[in-house]
Structure formats: structure tokens, C-alpha cells
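Student: whatever this is, show me its structure:
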Amino acid sequence: MIDFELQRKRSELYRNIRAFFESRGYLEVFTPCLSEYLIPEPTIKTFKTEFISEFSGRKELFLLPSPEYYMKRMISEGSGNIYQIARAYRNAEEKSNIHSVEFDILEYYTMDYSDSDTLYLTIEMIKDSRVSDRKWLRAEPVIMTMREALLKYCKVDLNEAQDISALRKEADRLGLSIYENESWEDTFNRIFLTFVEPNLPKERMVFITEYPRQIECLAKNYSDRPYKMRWEMYINSVEIANTYKEETDPEAMGKYFEKEQMSLEKERRESKDEISKADPEFPSLKMRECSGGAIGLDRLLMAEMGLESISPLLSFPISDILN
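Tutor: Numbers count the residues shown, from 1 in each chain. Now for the predicted structure:
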């Protein structure tokens, strides 16, 4: 049965979000869900489809896992501050209370903002657009660096665990299995998901800043410490938002694309999954100095409604089709 009261709450939330950004002069944009190219992300599996034309033949296309690809192209052409509420698609997501292979995402970019500026903008936006009065909406947010989080919850000092051997020693001390061929990122993720994420403060917005540089993404690096200008937000130990101070250097972007595309192709060959293509022109975009944020709106509404699953929010859950 469809819960139409929850559907009304979703509609109200989206109206409020639009009002927040419109009042600050942001432009709402609308971009395609289909693309020939994707930003290479080996950890995200995509949906492939095919365009069929009687006159021009066939062309493979991919459903976008976020609107980032087209929104950054808009920024490079001088869009200014922009936002979008879009449908996103990610394949191979395990069925769970907080996952769906299709979901709504809010993505927003502010010119000349730092990742810290976007953090406080996000707090203001969530509070201004809220459709409930949960305790976590009234409580003071928690802001900590990733290093502080690991020191607090498992006594791992990231400054002293910058190479794989040092991090494996910490994993062994914590009682985790050690895998010889596992990457630094994968070992870090197991430590984080086991000891940090489940123990984050409940009933408060939690922002974890300064992600390790070893976790590749299109965020700028700090010049004086081995971390990236990136944060993620959690509510009740569930990841809700992800934000960068966007990389603008063409050389750094080119290296990222080359490395990640190679990793993607290697992983997909081994798994025999579909391989999406990276846009060869993307790294040369004239990206403006900006900070971009992305929020999973199904999860945000779930937290606002005090639910433990996104399923009641979905009018026709894709999981029903997959059963």
C-alpha cells in the first residue's frame, strides 16, 4: 500500500529545498539521465542500455549514478551557483533498508566556496527545509576530522598509518583479518565501517571532515597534510551527504581519470561487468573554483520521518520487481 502522507512529506521537502536555493539565487538545472560517458568510479556499478536507430545504428549509453558529469560541464560554461533534484541509478546495490538501485539525489555547487562553507550551508539548508521536528534537527551538529574519529573510536592515528603496512598492523591489533593483496583504501574502509560508523553519535548530524588522500576522488588535497578537502554527513550512523572542494587543476583531473579508468577496466574484466567510458575531454574542462555537495534525499526524508527504512517512502519499490 502506498503511504500518501509520506508522499506529501516528500513533496513538501522538495518544495522547501527549492525555496531555500531559489531565495539565495541558485539556478535549478535539469540534466539528462543517459550519457555515453561517465566519471570513472570503480566502486560504483552502472546500468547499461542501448540507443537503437534505423538510420544511425546502435550506441551504448549508461544511466547516470549522479548528475555530477553534466553539472560540472555546466559550471565550466559559466552557470554560476546551481542545484538539481535528480533521479540517480546505481547497479549491484544490495537490497537493504537504506539502499535502492534508483533514488533521488540533491546536488548543489557554490562558486568560490570551500568545503567548510558548504558544510554550514548544508546545515542551514536541512534545518530550513525540514518537514519534521526530530531531536537531531534541533541538536548541535558534531564536526570532527577523520583522524579525530579514528583516534576516538579505535585509537588509530591516521598520521602514523599512511602506508599499507602500518595500517595493516592497526587492523591486526583491532582483530580484523589481514589480506595480503588488499589496498590501503579497502583496509581503511573495513576499520571505519567496523569501529567508527556504528558508534557515531545518534540523534545528531555528524560531519566527518578531511578524508584520507589515499581514497581517490575529485576533491582538492590539502597542501600541508595527507588529507582531502572532503566531508561526509551521517544521521543515526547512516551516510546522508558527501561534499568536496572541487578539483580544478586539469593535470590532477587527468591523472585521476587515467588511474580510475584503468582500475575500472581491470575490475570489470575480472567480474565481466559492463565497462563505462570516461570522457576524454572532461579533465580539460575549465572548472571554476567551487564546492559541490550531494545528499541522498530518500535517506534524509527517512531520518526526518524517524523511519529505519526507505521502503515506506517509495511508491513502487524496485525491490518488489527484483523479488
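
Student: quick check: longest helix of this protein.
Tutor: helix 250-271 (DSSP state H).

Student: partner strands of whichever helix or strand comes after that helix, with direction?
Tutor: For helix 250-271, the succeeding helix or strand toward the C-terminus, using DSSP states H and E, is strand 290-296. Strand 290-296 has the following sheet partners, assigned by DSSP bridges: strand 102-111 (antiparallel), strand 238-245 (antiparallel).

Student: can you tell me which of those comes nearest to residue 174?
Tutor: strand 238-245 (21.3 Å; C-beta to C-beta). Using the backbone N, CA and C atoms, a C-beta is placed for each residue, glycine as well.

Student: residues touching that closest one, excluding its own?
Tutor: Contact with strand 238-245 is made by 98, 113-115, 118-119, 122, 197, 217-220, 228-234, 291-296, 299-300, 302-303, as judged by C-beta atoms under 8 Å, 6 or more residues apart in numbering.

Student: again, but for stretch 130-139
Tutor: Stretch 130-139 is contacted by residues 9, 12-13, 16, 126-127, 202-205, 235-236, 301, 303-306 when judged by C-beta under 8 Å, 6+ apart.

Student: list the beta-bridge partners for the nearest residue to residue 34 once chain neighbours are set aside.
Tutor: Once flanking residues are discounted, residue 34 sits nearest to residue 61: 4.6 Å by C-beta to C-beta, 6 or more residues apart in numbering. In this entry, residue 61 is beta-bridged to residue 49, by DSSP bridges.

Student: tell me the centre residue of this structure?
Tutor: To find the centre residue of the chain, average its C-alpha atoms and take the closest one (C-alpha atoms, centre = their mean): that gives residue 242, at 4.5 Å.

Student: for the longest helix of the chain, the distance to its chain's centre please.
Tutor: Distance, stretch centre to chain centre, for helix 250-271: 18 Å (C-alpha atoms, centre = their mean, to the nearest Å).

Student: next, count neighbours for residue 316.
Tutor: 8 (other C-beta atoms under 10 Å).

Student: and residue 191, by the same measure?
Tutor: Applying other C-beta under 10 Å, we find 20 residues neighbouring residue 191.

Student: what does the helix or strand containing it rub up against?
Tutor: For residue 191, the host element (DSSP H and E) is helix 184-191. The contact list for helix 184-191 (C-beta under 8 Å, 6+ apart) reads 150, 154, 156, 163-164, 167-168, 170-171, 174, 176, 179, 212, 214-216.

Student: restrict it to CA atoms and write it as CSV.
Tutor: Output of helix 184-191 as CSV, limited to C-alpha atoms (Å, rounded to 0.1, in the frame of the first residue of the first chain):
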residue,chain,number,x,y,z
TRP,A,184,45.1,0.8,1.8
GLU,A,185,41.6,2.1,1.0
ASP,A,186,39.9,-1.3,1.5
THR,A,187,41.7,-1.9,4.8
PHE,A,188,40.8,1.6,5.9
ASN,A,189,37.1,1.1,4.9
ARG,A,190,36.9,-2.1,7.0
ILE,A,191,38.3,-0.3,10.0
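
Student: next SSE downstream of it?
Tutor: Next in sequence after helix 184-191, counting helices and strands by DSSP H and E, comes strand 205-212.

Student: which residues sit against that next one?
Tutor: Here strand 205-212 has contacts from 115-116, 119, 123, 126, 136, 139, 141-147, 149, 158, 185, 188, 200, 217, 219, 222, 225-235, using C-beta under 8 Å, 6+ apart.

Student: cool, and stretch 286-295?
Tutor: Outside stretch 286-295, the residues that touch it by C-beta under 8 Å, 6+ apart are 66, 68, 71-72, 75-76, 78, 105-115, 117-118, 121-122, 233, 240-248, 253.

Student: got phi/psi on residue 32?
Tutor: phi -70, psi 160 (degrees, to the nearest 10).

Student: now for the closest residue in space to it that isn't next to it in sequence: which residues touch it?
Tutor: Distance criterion C-beta to C-beta, 6+ apart; nearest residue to residue 32, sequence neighbours excluded, is residue 70 at 6.3 Å. With contacts defined as C-beta under 8 Å, 6+ apart, residue 70 is in contact with 31-32, 35, 64.

Student: tell me what angle the helix or strand encompassing residue 70 forms with strand 290-296.
Tutor: Following DSSP H and E, the helix or strand that holds residue 70 is helix 68-76. Helix 68-76 runs at 150 degrees relative to strand 290-296, counting by axes from the mean of the first three to the mean of the last three C-alpha atoms, to 10 degrees.

Student: now helix 68-76: buried residues?
Tutor: If you call a residue buried by 16 or more other C-beta atoms under 10 Å, then helix 68-76 has these buried ones: 68-75.

Student: would you turn these into TSV with distance to residue 45?
Tutor: Converted to TSV, these look like this (distance: C-beta to C-beta, whole Å):
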residue	distance to residue 45
68	16
69	16
70	20
71	21
72	21
73	23
74	26
75	26
